[in-house]
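*Asks:* need a structure here:
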Amino acid sequence: MIFEEAIPSGHRGWFDAYLVRSWLDIVGAYDATLEALPPDDFGWRVADDALLRQLLPAPARDDVGVSEVADFWGEGEGNEDEWLSPRRLTVAVELRAIDYRSLFRLIANTDMGLEPSVGSMVYLVDKTSPLVLSMYDDRGAWLVAAEPDRLWNLYERHGDWLVDHYRALMDMQF
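*Replies:* Numbers count the residues shown, from 1 in each chain. Predicted coordinates for the structure are as follows:
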């Protein structure tokens, strides 16, 4: 698995998850007579929080930090409706100690309409040898590094996995 190649054993970093309200929750809660999405009519997918914590090694579960992200899109103004702000879970952890196989399955299940699933954006951040991995859905993941050399071996071995649309851009990096 590419995760195992990208994140060697013993590497420390952060598990960083952003729990967002699912589109179905928002649409389902919409009341045309109120012309608004009342925050009390629906909540976070509480199950996402619990499922994500279960994937962490037991000692890290109690150390998870929780915060609301007011300016998630980086537009400098925060969300007009605070209740739409994503909820952030973050914890420092040895990355290979995370049950990453189950994490990736939960993410893939979301797009395929299968349960259990998590409708969250999850980033695994390797601070030992800087790299960010984020599986976006059942079709793939992003690997981002500050230095192209960090990705070279993965690119060389798995370059045929790249989406053709991005191939020219990737080729220019090396």
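*Asks:* Who are the contact partners of the residue nearest the centre of the chain?
*Replies:* With distances taken as C-alpha atoms, centre = their mean, Val122 lies nearest the centre of the chain, 1.4 Å away. Shown in contact with Val122 (C-beta atoms under 8 Å, 6 or more residues apart in numbering): Phe15, Asp16, Ala17, Tyr18, Leu52, Leu103, Ile107, Ser134, Met135. Every C-beta, even on glycine, is put in place using the N, C-alpha and C of the backbone.
*Asks:* what helix or strand is it on?
*Replies:* In the assignment (DSSP states H and E), Val122 maps to strand 120-126.
*Asks:* other SSEs contacting the following helix or strand past that strand?
*Replies:* Per DSSP H and E, the first helix or strand lying C-terminal to strand 120-126 is strand 131-137. If contacts are counted by 3 or more C-beta pairs under 8 Å, 6 or more residues apart in numbering; DSSP states H and E, strand 131-137 sits against helix 2-6, helix 100-112, strand 120-126, strand 140-144.
*Asks:* and the residue nearest to Val144 when sequence neighbours are not counted, how many residues sit next to it?
*Replies:* Leaving aside its sequence neighbours, Val144 sits nearest to Val132 (C-beta to C-beta, 6 or more residues apart in numbering; 4.6 Å). Val132 has 17 neighbouring residues, counting by other C-beta atoms under 10 Å.
*Asks:* partners of Val132 in the sheet?
*Replies:* Bridge pairing for Val132 (DSSP bridges) gives the partners Val125, Val144.
*Asks:* For this protein, give me the ranges with low pLDDT.
*Replies:* Scanning the chain with the threshold set as pLDDT under 70 gives 21-47, 70-85.
*Asks:* Quick check on the contacts of Val122: which are buried?
*Replies:* Buried members of the contacts of Val122, counted by 16 or more other C-beta atoms under 10 Å: Phe15, Asp16, Ala17, Tyr18, Leu52, Leu103, Ile107, Ser134, Met135.
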